[in-house]
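Engineer: Sequence plus the predicted model coming up.
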Amino acid sequence: MKFTLSRHIGKFVLDRRVLALLVLANLFIAARAWLAAHPEHNPWAPLSLDDPQGWATQQKLLALRDDVPACRAVLERSGVAFNVLDPAGEGECRRTDRTQLSTFPLSPGVPATTCPVAIAMELWKKDTLETKAEEIFGSRITRIEHLGAYSCRRIYGRDEGAWSEHATANALDIAGFVLEDGRRISVLGDWDGEADKALFLREVRDGACTAFSTVLSPDYNAAHADHFHLDMDSRWTSVCR
């Protein structure tokens, strides 16, 4: 007996299954093509700082915490100049990943941080700091003032409890910004001050939340009244306050 498909699609179960498989196959092909064109949303695509930030960016960053060679490969692939420093410290403050950006405009000097912090700083500068400085002030940022990255201590300097991300330089505290035209924006002095400066600080705080896993500002508590705390804690959820 000769078998033929129905002339009316959907009349038989077999026809519906074939149609469903064809639809799924086309959706799969379309999804792969879309992800290939948007690597920032593709969790399997290698991270590049030349791509815009997307759905998968932060998870890719966090995955690099335990893979220093892969992290530094991202900097190399993205054309970011950096130095690799020897490990230092002991115990809970042992720093096996000491990565120093070569030309980042931090002041005073560029401290060694973990590689994920270095990458997040580059993303923050490219995607937020430069854009917002031009939008709000019509000027570029020439200096980013910091309060340090490494401090061998527990959170808030307590005698017990969890160790700070600063203990391994997996954090950086930012105190202010200096523009090309000489204007200075200070977290301590301008968070609730002049409209444009206050707006800029809030915009760049929010922008940092797309690059770092933890962002703490004066909105968090009095201990952060004079700086933004930025870190790459290995938790899989972000904190932005």
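Structural biologist: Alright, I've got the coordinates. Numbering: from 1, shown residues only.
Engineer: tell me the contacts of the residue nearest the centre of the chain?
Structural biologist: For the chain, the residue lying nearest the average C-alpha position, counting by Cα atoms, centre = their mean, turns out to be residue 211 (1.9 Å). Residue 211 makes contact with 53, 57-58, 61, 120-121, 123-124, 127-128 under the criterion Cβ atoms under 8 Å, 6 or more residues apart in numbering. C-beta here means a position set from N, CA and C on the backbone, and glycine is covered the same way.
Engineer: Of the residues you listed, which belong to helices?
Structural biologist: Within the contacts of residue 211, residues falling in helices by DSSP state H are 57-58, 61, 120-121, 123-124.
Engineer: how near is the residue nearest to the centre of the chain to residue 230?
Structural biologist: In this structure, residue 211 and residue 230 are separated by 8 Å, where distance is defined by Cβ to Cβ, to the nearest Å.
Engineer: Would you mind giving the ones in helices among the contacts of residue 211 as JSON lines with pLDDT and neighbour count added?
Structural biologist: Formatted as JSON lines, the entries for the ones in helices among the contacts of residue 211 read as follows, by pLDDT from 0 to 100; neighbours: other Cβ atoms under 10 Å:
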{"residue": "57", "pLDDT": "81", "neighbour count": "23"}
{"residue": "58", "pLDDT": "76", "neighbour count": "21"}
{"residue": "61", "pLDDT": "80", "neighbour count": "23"}
{"residue": "120", "pLDDT": "94", "neighbour count": "25"}
{"residue": "121", "pLDDT": "97", "neighbour count": "25"}
{"residue": "123", "pLDDT": "94", "neighbour count": "25"}
{"residue": "124", "pLDDT": "96", "neighbour count": "23"}
